[in-house]
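Participant: Give me a 3D structure for the following:
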Amino acid sequence: MTELQVGDVVAERDFHLTRESLVRYAGASGDFNQIHWSDRVAQEVGLPGVIAHGMLTMGLAVQPVVDWLESLGGQAAGARILEYGTRFAKMIVVDEVEGAAVHMTAKVGSLDVDTGRARIDLTVIAAEQSVLGKAQVHVQLPQDA
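Facilitator: Numbering: from 1, shown residues only. Next up, the predicted model:
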């Protein structure tokens, strides 16, 4: 853990969401709300178009942090997520043809050397706007990190 510093980028990833992604997530989650697949319904309720599921966005955003912790030895080494929370700031509109590009960056926001814990701050951008607000992952770092 001595090598890790506040401000370090620990994960970064680009995602591309498509309408197929939304249908697959709907099937896995059971959330078949029509705003996630029907332009007509989305527009009827005042949305700019079909939007991605909020929980899909949260899941995609945290996965690179999970992968980073696994690269440090994972649960066998004591690394794990303790808490994850966010606020939904903007919707991700998923165009029928173009889909939606999403970029995620995870940086160390705070570090407690005594407990081996860190707060990882996530920035998630789509259509040049931050889509998650105060997205924070509290993690236990590996014992030998």
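
Participant: quick one: the helices in this protein?
Facilitator: Ranges of helices within the chain are 19-29, 39-44, 54-71, based on DSSP state H.

Participant: most packed of those helices?
Facilitator: Comparing the helices of the chain by mean neighbour count (mean count of other C-beta atoms under 10 Å), helix 54-71 comes out on top with a mean of 18. Backbone N, C-alpha and C define where each C-beta goes, glycine included.

Participant: hmm, back to that, how about CSV for the helices of the chain, with distance to Ala100 and mean pLDDT added?
Facilitator: Output for these, formatted as CSV (distance: least, C-beta to C-beta, whole Å; pLDDT from 0 to 100):
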stretch, distance to Ala100, mean pLDDT
helix 19-29, 9, 97
helix 39-44, 13, 97
helix 54-71, 10, 97
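
Participant: Make a markdown table from the ones you listed and add distance to His103 to it.
Facilitator: Listed next are the helices of the chain as a markdown table, based on distance: least, C-beta to C-beta, whole Å:
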| stretch | distance to His103 |
| --- | --- |
| helix 19-29 | 16 |
| helix 39-44 | 23 |
| helix 54-71 | 10 |
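
Participant: Ok, which of those comes nearest Ala77?
Facilitator: Ala77 lies closest to helix 54-71 among the helices of the chain, at 9.0 Å (C-beta to C-beta).

Participant: Which neighbouring elements make contact with the closest one?
Facilitator: Here helix 54-71 touches strand 9-17, helix 19-29, strand 80-88, strand 100-112, strand 117-126, strand 132-140, going by 3 or more C-beta pairs under 8 Å, 6 or more residues apart in numbering; DSSP states H and E.

Participant: Which residues does it contact?
Facilitator: For helix 54-71, contacts defined as C-beta atoms under 8 Å, 6 or more residues apart in numbering pick out 10-13, 15, 17, 21-22, 25, 29, 31, 79-81, 84, 86, 88, 92, 102, 104, 106, 120, 122, 124, 131-132, 135, 137, 139, 142.
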